[in-house]
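K.L.:
below is the sequence, then the predicted model.
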Amino acid sequence: MTYDVAKVRALYPALADGWAYLDGAAGTQVPRSVIDAESATYAAGIGNHGAYFAASKRSDAASRAAREGIVDLVGAPAVEGVALGPSMTALTYRFADGLSKTWKPGDEIVVTRLDHDANVRPWVQAAERAGVTVRWAVPTLPDVELPVEAVAEHLSERTRLVAVTAASNVIGTRPDVRAIADAAHAAGALVYVDGVHATPHVPVDVAALGADFYATSAYKWSGPHLATVVGDPALLETVMPDKLASSSTDVPDRFEYGTSPFAQHAGMAAAVDHVAGLGALAGADGQPGPDAPRRERILASMAAVEAYEQALLTRMIAGLTAMDHVERFGSPARQAPTIWFRVRGLTPDQVAEHCAKAEVNVWSGHNYAWELAGLLGIRDTGSAVRASLSVYSSDEDVDRLLEAVAALG
């Protein structure tokens with residue numbers, strides 16, 4: 001497999017500081033093309049949406065480009081089905097607000113103890129307000145898998161929604177979302193998929209997943225701090241969150257509160273272009289030419305990224321597993337390139353601080369995997385240390401982590 005990571009790393013100015021950025025699950029660094037796109041948008045002059053003057057039209061174009069980029073990135077149905085917002089958490093609360101308006105006492109929803117809390121708490125709180133029963137799908141231990149049966153056993157004609165992750169943000173577990181969606185749809189339920197941790201690491205096709213709603217955050221795939229939820233425009237028409245009386249009821253405008261960050265929209269579009277070019281830049285095999293449709297280039301690039309990151313993940317797992325003083329959580333069959341572990345005799349904070357002194361970025365704590373940390377019995381003792389790979393991670397980064405952790409034995 002060919003993947004020239006040095007060429008990829010050269011695009012990211014922040015990496016010049018020499019640190020090992022193994023914190024991609026909390027947000028990636030940004031390539032020069034994204035920085036330049038945002039800067040150029042501000043320099044050109046922008047205005048609010050919908051006016052007749054040129055600055056406003058430039059803002060309209062930036063937002064349109066962002067939506068078009070998301071359509072290509074995840075295979076969304078149409079630009080009219082792309083809702084943009086400040087974060088996946090904020091957008092999920094808006095969708096929970098809108099969807100729950102149709103729920104009635106006696107209805108049920110299904111959430112999981114594998115998910116990031118942003119795909120749990122908004123639904124649980126909406127259910128509480130609506131008098132709806134919450135059913136909990138529980139991952140198996142110690143492998144931390146979420147088999148379709150764990151969800152299907154809670155489905156009935158009363159189920160209105162299933163919320164499930166496409167990849168755990170701490171363990172990396174990748175459930176069979178399509179099988180879960182098929183079971184949910186057979187029961188008449190909608191499926192809301194948290195794709196925040198999947199999108200940076202694997203090719204994504206929303207239709208193939210069977211997702212009615214799919215969420216992803218641009219800052220996890222080299223973009224600005226923005227997020228999106230996509231769905232069929234006709235389905236979005238049936239969801240009405242609370243909004244200002246004077247604001248648009250159009251889809252997807254009804255989900256986008258306040259004035260949009262237009263320069264960041266330009267950055268989001270540039271980040272999609274960056275993803276589309278990664279495979280060719282890195283010299284990966286089987287990449288289409290520069291004139292191929294962007295969707296085709298994205299799928300090929302992400303296939304190359306997945307293969308590269310999986311090789312690094314194997315290296316990282318082998319290194320940590322060989323250390324008697326390290327306890328790793330989960331061993332799923334399909335895993336995004338992320339590891340959650342503890343060092344015996346030390347708190348996760350102590351380990352993360354030690355790694356920082358070695359100029360290795362890792363996170364400590366529950367990382368918003370609130371339910372899973374509780375299920376594993378580690379939430380009250382600092383949870384765990386998370387190391388996560390990105391498109392620019394290198395063998396040297398992994399080796400530096402392993403050296404830092406080995407020194408604690």
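P.N.:
Great, that's in hand.
K.L.:
list the buried residues for stretch 92-107?
P.N.:
Buried residues in stretch 92-107, counted by 16 or more other Cβ atoms under 10 Å: Thr92, Tyr93, Arg94, Phe95, Ala96, Asp97, Gly98, Leu99, Ser100, Trp103, Asp107. Where C-beta positions appear, they are placed from N, C-alpha and C, glycine not excepted.
K.L.:
check contacts around Lys220.
P.N.:
Taking Cβ atoms under 8 Å, 6 or more residues apart in numbering as the criterion, Lys220 is in contact with Gly24, Ala25, Gly27, Thr28, Val196, His197, Thr199, Pro200.
K.L.:
cool, and Arg315?
P.N.:
Asp395, Val398.
K.L.:
state the phi and psi torsions of it.
P.N.:
phi -60, psi -40 (degrees, to the nearest 10).
K.L.:
tell me the predicted confidence for it.
P.N.:
Turning to Arg315, the model gives it a pLDDT of 98.
K.L.:
swap in Met1?
P.N.:
Looking at Met1, the pLDDT reads 76.
K.L.:
and it, what does it touch?
P.N.:
So Met1 contacts Ala284, Asp285, Ala304, Ala307, Tyr308, Ala311 (Cβ under 8 Å, 6+ apart).
K.L.:
so which of the residues you listed belong to helices?
P.N.:
Among the contacts of Met1, the residues falling in helices (DSSP state H) are Ala304, Ala307, Tyr308, Ala311.
K.L.:
list the contacts for the third one?
P.N.:
Okay, so that is Tyr308. With Cβ under 8 Å, 6+ apart, Tyr308 has these contacts: Met1, Tyr3, Val5, Ala282, Ala284, Val391.
K.L.:
are any of those residues buried, and if so which?
P.N.:
So, by 16+ other Cβ under 10 Å, the buried ones in the contacts of Tyr308 are Tyr3, Val5, Ala282, Ala284, Val391.
K.L.:
sitting in strands, which of the residues you listed do you find?
P.N.:
Secondary structure from DSSP state E places none of these in strands.
K.L.:
name the nearest of those relative to Gly409.
P.N.:
Distance to Gly409 across the buried ones among the contacts of Tyr308 (Cβ to Cβ) is lowest for Val5, with 28.4 Å.
K.L.:
list the contacts for the residue nearest to the closest one when sequence neighbours are not counted?
P.N.:
Once flanking residues are discounted, Val5 sits nearest to Ser394: 5.1 Å by Cβ to Cβ, 6 or more residues apart in numbering. Shown in contact with Ser394 (Cβ under 8 Å, 6+ apart): Val5, Ala6, Arg9, Leu312.
K.L.:
now these: which count as buried?
P.N.:
Val5, Arg9, Leu312.
K.L.:
the contacts of Lys220 in helices, which ones?
P.N.:
Per DSSP H, the contacts of Lys220 never map to helices.
K.L.:
so which pair among the residues you listed is furthest apart in space?
P.N.:
Gly27 and Thr199 (13.1 Å).
K.L.:
between the two, which one's more packed in?
P.N.:
Thr199 (26 against 16; other Cβ atoms under 10 Å).
K.L.:
surely that one touches Thr216?
P.N.:
Yes - the criterion here is Cβ atoms under 8 Å, and Thr199 meets it with Thr216 at 4.2 Å.
K.L.:
next, format the buried ones among the contacts of Ser394 as a markdown table and append distance to Leu346 and pLDDT.
P.N.:
Converted to a markdown table, these look like this (distance: Cβ to Cβ, whole Å; pLDDT from 0 to 100):
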| residue | distance to Leu346 | pLDDT |
| --- | --- | --- |
| Val5 | 31 | 98 |
| Arg9 | 31 | 98 |
| Leu312 | 25 | 98 |
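K.L.:
distance to Ser33 added to those residues, as CSV?
P.N.:
Output for the buried ones among the contacts of Ser394, formatted as CSV (distance: Cβ to Cβ, whole Å):
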residue, distance to Ser33
Val5, 17
Arg9, 14
Leu312, 24
